[in-house]
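Novice: pasting the sequence and the predicted coordinates here, then a few questions.
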Amino acid sequence: MTLSPAAFMASAPKPLNGNTAWAARYANEIRRVFHEHAAQAPRSLQLHLGPSELGVECDRQVAGKMAGCPTTNHVFDPWPSIRGTALHAWAADAFTADNVRKNVMRWVAEQRVTPHPDHPGTADLYDAQERSVDDHKFLGESSLAKVRSAKGPSRQYRVQLHLYGLGYRNMGLPVDRVVLLAYPATAGSLDGLYVWEQAHRTSDIDDLLQVVFEQTATRQHYAREIHAGRLQLSQVPSTPDSDLCYFCPFYRPQSAKDGGVGCPGTAGSNG
Ligand code: SF4
């Protein structure tokens with residue numbers, strides 16, 4: 001039986017991303033613009049990593065980023081980080097405008113700070129009234145649940161906050177506490193906002209930052225060796241973790257089987 005062109009078109013599977021075949025193709029084109037632009041965002045091209053990266057527990061991930069190793073994780077979707085970048089910009093405007101509305105210079109948004117000469121970064125928010133350094137995290141449900149759990153935020157988040165705190169202290173400003181503002185990025189309201197805080201001026205925190213700086217020096221050494229061709233990324237010690245590996249630029253679980261580029265992460269027998 002020969003189908004007419006109209007019947008042939010009608011029998012085609014319904015496109016997933018639009019109401020017509022043209023609309024579905026157009027959805028791909030719109031996604032392409034987002035993906036390509038996200039791949040060029042400054043966060044993706046940092047050779048001197050900022051405070052948000054230094055507390056990552058895996059040496060291999062941090063050394064690979066420092067060395068500028070090519071990305072092998074092509075599964076990770078940039079949408080959450082695109083959304084986070086846009087929401088950070090909105091939040092900065094909101095707090096800056098609050099200073100004007102209340103006629104008090106309380107909030108300092110998006111301030112460059114230098115906790116370590118090689119690793120400056122931009123801190124989200126300083127609250128001069130509470131003497132706190134605040135960081136916005138726009139999180140999906142499962143990440144928000146982790147922050148709310150008894151364990152609290154990851155080491156990466158804690159280190160980032162305290163490095164910003166140190167950066168502010170290096171500018172001569174008082175910092176009593178660090179605050180993580182965990183917003184429900186995928187919810188329909190702000191009701192689920194969760195605040196986590198920790199004292200900043202304690203010997204435990206000083207010890208933690210000392211360890212981070214020592215780790216950073218070791219990772220810089222690895223990165224220089226990789227860059228010079230004397231070390232493979234796979235030879236750098238790794239700390240696989242299901243939360244961390246999925247978002248890691250070097251994650252490629254297939255490498256556990258084919259031995260090719262990338263890091264097997266949690267799929268590797270010895271990491
Ligand atoms: S995939 Fe996991 S173990 Fe491998 S470098 Fe990345 S974070 Fe480390």
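Specialist: Thanks, I have it. None of the values given here were measured: they were computed from a predicted structure. Numbers count the residues shown, from 1 in each chain.

Novice: all strands for the stretch 101-250 of the chain, in order.
Specialist: For the stretch 101-250 of the chain, applying DSSP state E, counting those that start in this stretch gives strands covering 107-113, 121-127, 132-139, 177-184, 194-199.

Novice: give me the contacts around the shortest one.
Specialist: Contacts with strand 194-199, where a contact means C-beta atoms under 8 Å, 6 or more residues apart in numbering, come from 132, 144, 147-148, 152-153, 158, 161-162, 176-182, 205. Bear in mind the C-beta positions are built from the backbone N, C-alpha and C, glycine included.

Novice: hang on, Leu231 packs against Ala223?
Specialist: No - between Leu231 and Ala223 there is no contact under C-beta atoms under 8 Å: 9.0 Å.

Novice: point out the residues in the chain that sit beside the ligand.
Specialist: 58, 60-61, 238, 240, 244-245, 248, 250-251, 263, 265, 271 (C-beta under 6 Å from any ligand atom).

Novice: buried ones among the contacts of strand 194-199?
Specialist: 132, 144, 147, 153, 158, 161-162, 177-182, 205 (16 or more other C-beta atoms under 10 Å).

Novice: about what we covered before: so which of the strands of the stretch 101-250 of the chain is nearest Asp93?
Specialist: Nearest to Asp93, of all those, is strand 107-113, at 8.0 Å by C-beta to C-beta.

Novice: the closest one pairs with which strands?
Specialist: strand 121-127 (antiparallel) (DSSP bridges).

Novice: take the partner strand, keep the C-alpha atoms, and write them as CSV.
Specialist: Written as CSV, here are the backbone C-alpha positions of strand 121-127 (Å, rounded to 0.1, in the frame of the first residue of the first chain):
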residue,chain,number,x,y,z
GLY,A,121,36.8,35.4,43.6
THR,A,122,33.5,37.3,43.7
ALA,A,123,31.6,37.0,47.0
ASP,A,124,27.8,37.2,46.6
LEU,A,125,26.8,39.3,49.5
TYR,A,126,28.2,41.0,52.7
ASP,A,127,25.8,42.1,55.4
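
Novice: what's in contact with it?
Specialist: With C-beta under 8 Å, 6+ apart, strand 121-127 has contacts from 50-52, 88, 91-92, 95, 106-113, 115, 132-136, 163-164, 167-168, 173, 179, 181.

Novice: just the buried residues out of the residues you listed, in ChimeraX syntax.
Specialist: Applying 16+ other C-beta under 10 Å to those leaves a buried subset, and the ChimeraX line that selects it is:
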select :50,51,52,88,91,92,95,107,108,109,111,113,115,132,133,134,135,136,163,164,167,168,173,179,181
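
Novice: switch the strands of the stretch 101-250 of the chain over to CSV; also include mean pLDDT.
Specialist: CSV is the format used below for the strands of the stretch 101-250 of the chain (pLDDT from 0 to 100):
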stretch, mean pLDDT
strand 107-113, 98
strand 121-127, 97
strand 132-139, 97
strand 177-184, 97
strand 194-199, 97
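
Novice: so for Glu214, which of the ones you listed sits nearest?
Specialist: Taking those one by one with C-beta to C-beta, strand 121-127 is closest: 19.0 Å.

Novice: quick check: angle from that closest one to strand 177-184?
Specialist: Angle of strand 121-127 versus strand 177-184, following axes from the mean of the first three to the mean of the last three C-alpha atoms, to 10 degrees, is 100 degrees.

Novice: so where's the stretch 151-271 of the chain uncertain?
Specialist: When residues are selected by pLDDT under 70, those of the stretch 151-271 of the chain lie in 269-271.

Novice: all helices of it, in order?
Specialist: With DSSP state H, counting those that start in this stretch as the criterion, the stretch 151-271 of the chain has helices at 155-170, 203-227, 242-245, 255-258.

Novice: make TSV out of those and add distance to Thr72.
Specialist: What follows is the helices of the stretch 151-271 of the chain, written out as TSV (distance: least, C-beta to C-beta, whole Å):
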stretch	distance to Thr72
helix 155-170	21
helix 203-227	14
helix 242-245	12
helix 255-258	8
